[in-house]
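Novice: Fold the following for me, if possible:
(one chain, ligands or ions: 1)
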Amino acid sequence: MASLWGGRFEKDMDELVKKYNASIFFDQRMYNEDIDGSIAHVTMLAKQGIVTEGERDQIIAGLESIRKDIAAGKIVFTVEDEDIHMGIESRLTARIGEVGKKLHTARSRNDQCQVDGRLYLKKEIREILNSLCCLESVILEKAEKYADKITVGFTHLQHAQPITLGFVFMAYFQMFRRDIERLTQTLERMDYNPLGACALAGTTMPIDRHFTSQLLGFAAPCENAMDAVSDRDYSLEFLSDASISMMHLSRWAEEFAWWNSSEFSYIAIDDSFCTGSSIMPQKKNPDMAELIRGKVGRVYGDLMQLLTVMKGTPLAYNKDFQEDKESLFDAVDTWKASIDIFTKMLDKTEFRMDQIEKQLGKGFLNATDVAEHLAKQGIPFREAHSIVGRMVKTCEGKGCDLEDLTQEDLQAIDSRVTKESLGDISIPSCVDARVSFGGTAPSEVRRQIAVGRAWLESLAEQ
Ligand code: ARG
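Specialist: So this is what the prediction gives:
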């Protein structure tokens, strides 16, 4: 079958070349966007008097019938279609006759594939933003529920200070808030229309790119035609947004895996989010958390793939750019599914406060609080730090907690320290007192929740 571009060729493409060259097997995912772009284009051509209104109507009806048939699975694309643009255009002409050949006036596949790509990604970004907002809303619910429940705060995976669970949730809330803001900015920056850039240099035809931009819901046309067909920054920005957000998910997934271990037992992941072992009957494995952790690798790979494709490519369009799609689609699918799975898993997870409580007595979680008490009484913090360090050493020798040191023990360490000067260093008092802005006290966590909720509600109103 001769290709739509076959005029100057004497030979058909080699079979291997056809297969290697074709993008139809993956770019058919964007058939709706391709048809939307064509309808906007022909509507503009008619407004500008380049085609008649009758021709426009015939073309639009043909495109809509093709859309219906693709959706119903009645059209099977093959390697002969080469890509979705030609797959649709050749069928249009087959259905409505010669008039179909007018559609490709004042455009090129170089701008067409970019219209499709941007429309597709804008739609997916809106869905991903929606998924991230659902995750944020589950986080807020959990943060409220556990606002004053105490757990162990770690640094270097060592017991550090007592914190509230609500505080942990709100830390993750901030990460996903930045992901949402970053993705929203990507969406704004990519909202420009390449249609009418044509191959690279615009056209002599009297087109109206502002009109097609309006019809397709873009903020404005891309300013420079050559940039419009050569730019893949928007995909790269999306992939880097996806990479950062997947990294956030993987960090929490990692915490889920160890919180769920027999050593920790902080949580029990719902049965419906775990799998069993084919040999060990007792096993209940946190596979979803591990898969999320693992799938980050794909998304980083997708970003590296496209960065590498784009490196050193000269202006304007090069066939290398056809390699911009599969990695993008993979990242869209992987990121979206990972957020949704994580959200559901989090929603169904209960924290085992009885188990967590058993850990609170270990590792001198209140040591910093003792040092701060002493500092409040006029002992310079550096000295207070060293005094408490010696107290901890004595405790380790005696096998007791800081609260158990006797008056004699304390006086032997430093004459300024008495049992009274230690103040109230029970774990709940330590947590309640960390009211500095952004701190872990329940009152402060509730303030953070209120700010987070107001922000999330403001997004819903937009
Ligand atoms: N399938 C191509 C792509 O995805 C469409 C653009 C082809 N343009 C060209 N001049 N060969 O990039």
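
Novice: For Ala225, give its distance to the ligand.
Specialist: Distance, Ala225 to the ligand, by C-beta to the nearest ligand atom, to the nearest Å: 14 Å. (Glycine included, C-beta is placed from N, CA and C.)

Novice: count of residues packed around the one residue in the stretch 251-400 of the chain that gets nearest to the ligand?
Specialist: Of all residues in the stretch 251-400 of the chain, Gln322 sits closest to the ligand, at 3.6 Å by C-beta to the nearest ligand atom. Around Gln322 sit 18 other residues, with neighbours defined as other C-beta atoms under 10 Å.

Novice: So it lies in a helix, does it not?
Specialist: Yes: going by DSSP: H, G, I helix; E, B strand; the rest coil, the assignment for Gln322 places it inside a helix.

Novice: what residues are up against the closest residue to it other than its chain neighbours?
Specialist: Closest residue in space to Gln322, ignoring its immediate chain neighbours: Ser23 at 5.1 Å, by C-beta to C-beta, 6 or more residues apart in numbering. By C-beta atoms under 8 Å, 6 or more residues apart in numbering, the contact set of Ser23 is 82-84, 322, 325.

Novice: please redo it, this time with the cut-off set to 7 Å
Specialist: Neighbouring residues of Ser23 by C-beta atoms under 7 Å, 6 or more residues apart in numbering: 83, 322, 325.

Novice: how about JSON lines for those, with pLDDT added?
Specialist: Below are the contacts of Ser23 laid out as JSON lines (pLDDT from 0 to 100):
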{"residue": "Asp83", "pLDDT": "98"}
{"residue": "Gln322", "pLDDT": "98"}
{"residue": "Lys325", "pLDDT": "98"}
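
Novice: Which one of those is nearest to Ile125?
Specialist: Using C-beta to C-beta, Lys325 comes nearest to Ile125 of the contacts of Ser23, at 15.8 Å.

Novice: what's near enough to touch the closest one?
Specialist: Under the criterion of C-beta under 7 Å, 6+ apart, the contact partners of Lys325 comprise 23, 26-27.

Novice: For the chain, which residues are neighbours of the ligand?
Specialist: Within reach of the ligand by C-beta under 6 Å from any ligand atom, the chain has these residues: 23, 27, 83, 109-110, 113, 317, 319, 321-322.

Novice: mind redoing it with 8 Å?
Specialist: By the rule C-beta under 8 Å from any ligand atom, the part of the chain lying against the ligand is 23, 27, 82-85, 108-110, 112-113, 199, 317, 319, 321-322, 324-325.

Novice: Pull out the buried residues from these.
Specialist: Neighbour counting over these (16 or more other C-beta atoms under 10 Å) leaves 23, 27, 82-85, 108-110, 112-113, 199, 317, 321-322, 324-325 as the buried ones.

Novice: So which residues of this protein form strands?
Specialist: 150-155, 158-164, 192-193, 220-221, 267-268, 350-351 (DSSP state E).

Novice: what residue ranges in the protein score low on pLDDT?
Specialist: Residue ranges of the chain with pLDDT under 70: 1-2.

Novice: Without its sequence neighbours, what residue ends up closest to Asp347?
Specialist: Excluding its sequence neighbours, the residue lying closest to Asp347 (C-beta to C-beta, 6+ apart) is Val138, at 4.9 Å.

Novice: Near the closest residue to the ligand within the stretch 351-462 of the chain, how many other residues are there?
Specialist: Scanning the stretch 351-462 of the chain for proximity to the ligand using C-beta to the nearest ligand atom identifies Gln462 as nearest, at 32.8 Å. Using other C-beta under 10 Å, Gln462 has 5 neighbouring residues.

Novice: And Asp231, by the same measure?
Specialist: Look at Asp231: counted by other C-beta under 10 Å, it has 21 neighbours.
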